[in-house]
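1. Quick one: sequence and predicted model below, then my questions.
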Amino acid sequence: MLDPIPAPSSPLTRPTSILSTPPESLPSFILGPANRSYKHQYANIYFIRLRKLRHFVERNAKERWQGVKGNPVMVPRVLDVVKGELCWIVGTVYMDMSLKPNILEDIGRDFSIPPPPPPPKYLSAQDTMVLEDESGRISLVGERLKREQYVTGIIMAALGIETPDGEFEVVDVCFPGIAPHAEMDNVVTKAENDMDVDVPVAGPSVSTLSPPSGSWIALLSGLELSTSHPLSSETELHLQLLIEHILAESGGQNDQALSSQISRVLIVGNSMLVGEDHLKSRRNPTSEPTPGPLASPATSTFSKALQDIALAVPIHLLPGASDPSGTILPQQPLPRAMFGEVRRYESFKCETNPTWLVVDGQTILATSGQTLDDMYKYLETDDRLTVATLTLSWRHMAPTAPDTLWCHPYPAQDPFIIPSTPHIYVIGNQPSFATTLVKSTLPMDSGDAKSSGSRKRSREGSISERQVNCRVILLPKFSESATLVLVHTGTLDCKTVQVGVDTGLLPG
């Protein structure tokens, strides 16, 4: 006789998360008419980046080097450095690497010969590093440079002396530093409690599992549903198990209790995998046409999965490198029309890549992974999580754009600057899962306007400093790991859930 199925003591109701409009201090990645033009020079982005971040670098450098012997002074222009005098300069880093892609070489190569595969890293023994501003550039040398990680496009201050050879020997470096959280006053909030929600799932009481504020958000990336080949039975099984887990329709009583607290789902890029046959037919009009992504069974399957989830939980969908979207950043939202009936749902939202969201008063910065993948090629380290945390101190999520990472030629802004540290920083489509909680304490007079954080009071009662916490999450590809990541907006706790079938329990 089978054991009775355990019955819950009380029903569970799924919590509602509050979606707010991001404050004006956070940039929008929607391309307006002014930014869709390609007639502008990419140099504008570097000039704007230097102008926006110079102040923070100078402030940190003055504090860091004010007691240095020799009283070094800041030289406003790199070309005004005097040989033999200790000083410090501020500029944009440029890594001169022979293995980086070169558009002139691509144009001049023999197209009858297949191009060599791109190298996994751009590093070589001949690499050099320079610092440049509006006046010119100067080569950087010194043993101190080996103790840090550098990529093209970061803004940095360098302390040192110009050598007789005209190079700048560096003894110390300084970066913009981590920014405070964004000020969340006067933002427009919208509770999505008017949406259609499934009948509450049975399970333990919410109060026994849920903190007093915040909610769980489900994160995944890299579904990679092929648009040119039939989906494998394993892929379909994992997708169905994923849906059932989010809807709290599978697993034991504790599993359902946790799943029913998921208030929002964030799908971070590479949901579909556009086939090479379709890409070739687009490049060659005389070839036999192949069905596009809109007509593929994978799109239909994915649309139905989105619809099942959106009936119970709001969804945010970002495009990625393998999706039927533009290549250059920021990628614009995928057309809602390609997703069948779910396009009519208020709870289904197509976002840009990257994107800023504000959920339960916490800011979320999400990107589909191209930014970190490109920075990784510049560095000797294989620790992608460390590189991701460095972007917070650099205050820039994509410093290698537009050098080796394609982006729009913005004429008057650099939207990839991180003006405020997010509470949750998500990077999708990485080789494996990794996470860390970045903590920093900043003085109240840090010079950042419209910023906030946990305040600490001095003995006199005045607010002296603020705490900044950021949960950095690297999402693995779901197609390879079958892993779902949960993060709590209130506590910033993070956990993983792996869906699958225990083959040991199958008959035969």
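-> Arrived safely. Residues are numbered from 1 along each chain as shown.
2. what sits against the closest residue to residue 227 other than its chain neighbours?
-> What sits nearest to residue 227 in space, not counting adjacent residues and going by Cβ to Cβ, 6 or more residues apart in numbering, is residue 296, at 3.8 Å. C-beta: built from backbone N, CA, C; applies to glycine. Residue 296 sits next to 226-228, 272 when contact means Cβ atoms under 8 Å, 6 or more residues apart in numbering.
3. ok, of the residues you listed, which come out buried?
-> 226-228, 272 (16 or more other Cβ atoms under 10 Å).
4. Tell me the secondary structure of residue 47, please.
-> helix (DSSP: H, G, I helix; E, B strand; the rest coil).
5. how close does it get to residue 41?
-> 9 Å (Cβ to Cβ, to the nearest Å).
6. between these two, who's got more neighbours?
-> Looking at residue 47 and residue 41 with other Cβ atoms under 10 Å, you find the greater number of neighbours at residue 47, namely 14 against 10.
7. Leaving out the residues flanking it, which one is nearest to the more buried one?
-> Per Cβ to Cβ, 6+ apart, closest to residue 47 is residue 134, 6.7 Å.
8. what about that neighbour, neighbour count?
-> Neighbour tally, residue 134, other Cβ under 10 Å: 14.
9. ok, now the one 10 residues further on?
-> The number of residues packed near residue 144 is 16, by other Cβ under 10 Å.
10. Now it: closest residue in space, sequence neighbours ignored.
-> Closest to residue 144 by Cβ to Cβ, 6+ apart is residue 170, at 5.0 Å.
11. Can I take it that the one you found is in a strand?
-> Yes. In this structure, residue 170 lies within a strand as judged by three-state DSSP.
12. What distance do you get for it to residue 15?
-> 51 Å.
13. and these two? which has more neighbours close in?
-> Neighbour count, other Cβ under 10 Å: between residue 170 and residue 15, residue 170 has more, with 22 against 16.
14. That one and residue 158 touch, don't they?
-> Yes. Shown here, residue 170 and residue 158 form a contact pair, counting by Cβ atoms under 8 Å, at 4.8 Å.
15. Common neighbours of those two, please.
-> Contacts common to residue 170 and residue 158, judged by Cβ under 8 Å, 6+ apart, are residue 140.
16. Distance of the residue lying closest to residue 155 once chain neighbours are set aside relative to residue 420?
-> Using Cβ to Cβ, 6+ apart and skipping residues adjacent in sequence, the residue nearest residue 155 is residue 53, 4.2 Å away. The gap separating residue 53 from residue 420 is 13 Å, by Cβ to Cβ.
17. Residue 90 now?
-> 22 Å.
18. How about residue 28?
-> Computed as Cβ to Cβ, the residue 28 to residue 420 distance reads 14 Å.
19. who's more crowded, the two?
-> Between residue 28 and residue 420, counting by other Cβ under 10 Å, residue 420 is the more crowded of the two (25 against 13).
20. mind checking pLDDT for the more buried one?
-> In this model, residue 420 is scored at 97, pLDDT.
21. ok, now residue 284?
-> With respect to pLDDT, residue 284 has a value of 44.
22. Spatially nearest residue to residue 83, not counting backbone neighbours?
-> Spatial nearest neighbour of residue 83, excluding adjacent residues (Cβ to Cβ, 6+ apart): residue 162 at 4.7 Å.
23. who's that neighbour bridged to?
-> residue 83, residue 168 (DSSP bridges).
24. show me what contacts it?
-> Residue 162 sits next to 81-85, 138, 168-169 when contact means Cβ under 8 Å, 6+ apart.
25. rerun that using 6 Å as the cut-off
-> 81, 83, 168 (Cβ atoms under 6 Å, 6 or more residues apart in numbering).
26. and those, which are buried?
-> Looking at the contacts of residue 162 with 16+ other Cβ under 10 Å, the buried ones turn out to be 81, 168.
27. any idea which of the contacts of residue 162 is least confident?
-> residue 83 (92).
28. Quick check: that one vs residue 182, distance?
-> For residue 83, the distance to residue 182 equals 44 Å [Cβ to Cβ].
29. and if you look at residue 249?
-> Counting by Cβ to Cβ, the gap from residue 249 to residue 182 is 37 Å.
30. related to what we said a few turns ago, farthest-apart pair in the buried ones among the contacts of residue 296, please.
-> Farthest apart among the buried ones among the contacts of residue 296 by Cβ to Cβ are 228 and 272. That separation is 10.2 Å.
31. how about the longest strand anywhere in the chain: buried residues?
-> Across the chain, the strand with the greatest residue count (assigned by DSSP state E) is strand 463-476. Buried residues in strand 463-476, defined by neighbour count with 16+ other Cβ under 10 Å: 465-466, 468, 470-476.
32. out of these, which one sits closest to residue 382?
-> Ranked by distance to residue 382 (Cβ to Cβ), these are led by residue 474 at 12.6 Å.
33. now the closest one, which residues is it bridged with?
-> Counting by DSSP bridges, residue 474 is bridged to residue 427, residue 434.
34. check contacts around it.
-> Residue 474 makes contact with 385, 427, 430, 434, according to Cβ under 6 Å, 6+ apart.
35. Burial check on the second one, number of neighbours?
-> For residue 427, the count of nearby residues is 29 (other Cβ under 10 Å).
36. Likewise for the third one?
-> Residue crowding around residue 430 was assessed by other Cβ under 10 Å; the count is 22.
37. Without its sequence neighbours, what residue ends up closest to it?
-> residue 474 (4.2 Å).
38. Kindly provide the distance from the one you found to residue 255.
-> Taken as Cβ to Cβ, the span from residue 474 to residue 255 is 24 Å.
39. ok, which stretches of this structure are helices?
-> For the chain, the helices defined by DSSP state H cover 43-65, 103-108, 233-246, 253-259, 276-283, 297-310, 370-376, 384-394, 478-481.
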